[in-house]
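I need the structure of the sequence given here:
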Amino acid sequence: MNGSESLSEKRIVVTGGAGFVGSHLAERLAERASVVVADDLSNGRREWVPDDATFVRADLTDRDDVAEAITSDVDLVCHLAASKSVDTDRPREQFESNAAMTHNVTERMRAVGVPEILFTSSSTVYGEAPRPTPEDYAPLEPISAYGASKLSDEALLSVYANSYDLTARIVRFANVVGPRLRGAVIPDFIDKLREDPDSLRILGDGRQEKSYLHVDDCVDAICHVLAAADSPVATFNLGTRTTTSVTRIADVVSETMGLEPAYEYTGGERGWTGDVPKMRLSIEKLAALGWVPERSSEAAVEAATEQLLAEMSDIDGRSRSGSTERKTASQ
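Here you go, the predicted structure:
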């Protein structure tokens, strides 16, 4: 089922639509709907915004910027914008920023009568939970400020859904991978091996094991949720039924690059403060509505590695071309 068919002729705002998942979602939605991308470009890139979308440079902690992006003719807001670093050394700033963005978005929607929101949450809201973790698992005890901010945002959406007739769909992501991914384990390993092909430093003990979801499957799932969910608050996990260890990711990246580096582990169960070493979400709730991912966790890692290497090679090629052009012009 392709849920994007039900979005025809709608006007949709995608906050964070110049970022990794947001730009892929905006591309898919723009095939059927009128899309407005609202992004401050702190994490995203202008060139990732689809050509057939309207771009509004907006800091969502600023209510005037939010008002410019979300107007009375909007039918749906897909709210992906957030401060995303799990191991931030400024947890209060991150928590307050994410809360302000979500509050400003929902208040503006209430003021101008926008009826629906899709909010991208995270597996981090569960903390360290039994696996596979279903949506109704309790108590929710996140161990990072990022997870706490996402859980707080979910609670705020519940208030608006139950008090102000807002329809809220919440999707909790596993680790999403694919083209345009930055600041995560696969691009980190690629960067390290490009710098030093003989050794690879791995955070933790390498036995951290999580689900990895390809961004194409993630966008498919979001469109399915938009088409299938109809309760005031509907929450769905997005992930795979399989997991991949950090060491196995190192193997995949090394093999794809044709390298055999020595691995150096920093040690400890967690890779960083706030890291949940073992994670697998139950996806049976959404599977019952007809969606399952096309790729397993390892297949997602393999595809993402190849795509990111091709992307980086293309960037390098353009940079070399640009350098040559500049040198020629200066002569």
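
Tell me the spacing between residue 261 and residue 274.
Distance, residue 261 to residue 274, using C-beta to C-beta, to the nearest Å: 27 Å. No exception for glycine: its C-beta is placed from N, CA and C like everyone else's.

for stretch 110-123, which positions count as buried?
Within stretch 110-123, the residues that qualify as buried are 114, 116, 117, 118, 119, 120, 121, 122, 123, counting by 16 or more other C-beta atoms under 10 Å.

before we move on, what about stretch 298-307?
For stretch 298-307, the neighbour count (16+ other C-beta under 10 Å) marks 298, 299, 300, 301, 302, 303, 304, 305, 307 as buried.

next one: stretch 241-253
Neighbour-count burial for stretch 241-253 flags 241, 242, 243, 244, 245, 246, 247, 248, 249, 250, 252, 253 (criterion: 16+ other C-beta under 10 Å).

Switch these over to CSV; also include secondary structure, distance to residue 69 and pLDDT.
Output for the buried residues of stretch 241-253, formatted as CSV (DSSP: H, G, I helix; E, B strand; the rest coil; distance: C-beta to C-beta, whole Å; pLDDT from 0 to 100):
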residue, secondary structure, distance to residue 69, pLDDT
241, coil, 37, 98
242, coil, 38, 98
243, coil, 37, 98
244, strand, 37, 98
245, strand, 40, 98
246, helix, 38, 98
247, helix, 43, 98
248, helix, 41, 98
249, helix, 36, 98
250, helix, 40, 98
252, helix, 39, 98
253, helix, 37, 98
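
just for the stretch 201-331 of the chain, where's the confidence low?
Counting by pLDDT under 70, the stretch 201-331 of the chain contains low-confidence residues at 229, 319-331.

repeat that with 80
229-231, 315-331 (pLDDT under 80).

Which stretches in it count as strands?
Ranges of strands in the stretch 201-331 of the chain, per DSSP state E, counting those that start in this stretch, are 209-210, 212-214, 233-238, 244-245, 262-265, 278-279.

most neighbours per residue, which of the ones you listed?
Neighbour counts (mean count of other C-beta atoms under 10 Å) averaged over each of those peak at strand 212-214, with a mean of 26.

that older thread, possible to save the buried residues of stretch 110-123 as TSV with pLDDT, distance to residue 29 and secondary structure?
Supplementary listing: the buried residues of stretch 110-123 in TSV, determined by pLDDT from 0 to 100; distance: C-beta to C-beta, whole Å; DSSP: H, G, I helix; E, B strand; the rest coil:
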residue	pLDDT	distance to residue 29	secondary structure
114	97	15	coil
116	96	13	strand
117	97	14	strand
118	98	10	strand
119	98	15	strand
120	98	14	strand
121	98	19	strand
122	97	21	strand
123	98	24	helix
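
Check these against residue 318 and report the nearest one.
Residue 318 lies nearest to residue 120 out of those, by C-beta to C-beta, at 30.3 Å.

Make sure that closest one is actually in contact with residue 173.
Yes. Counting by C-beta atoms under 8 Å, residue 120 touches residue 173, with 6.3 Å between them.

Overlap of the contact sets of those two?
Here residue 120 and residue 173 have residue 21 as joint contacts, going by C-beta atoms under 8 Å, 6 or more residues apart in numbering.
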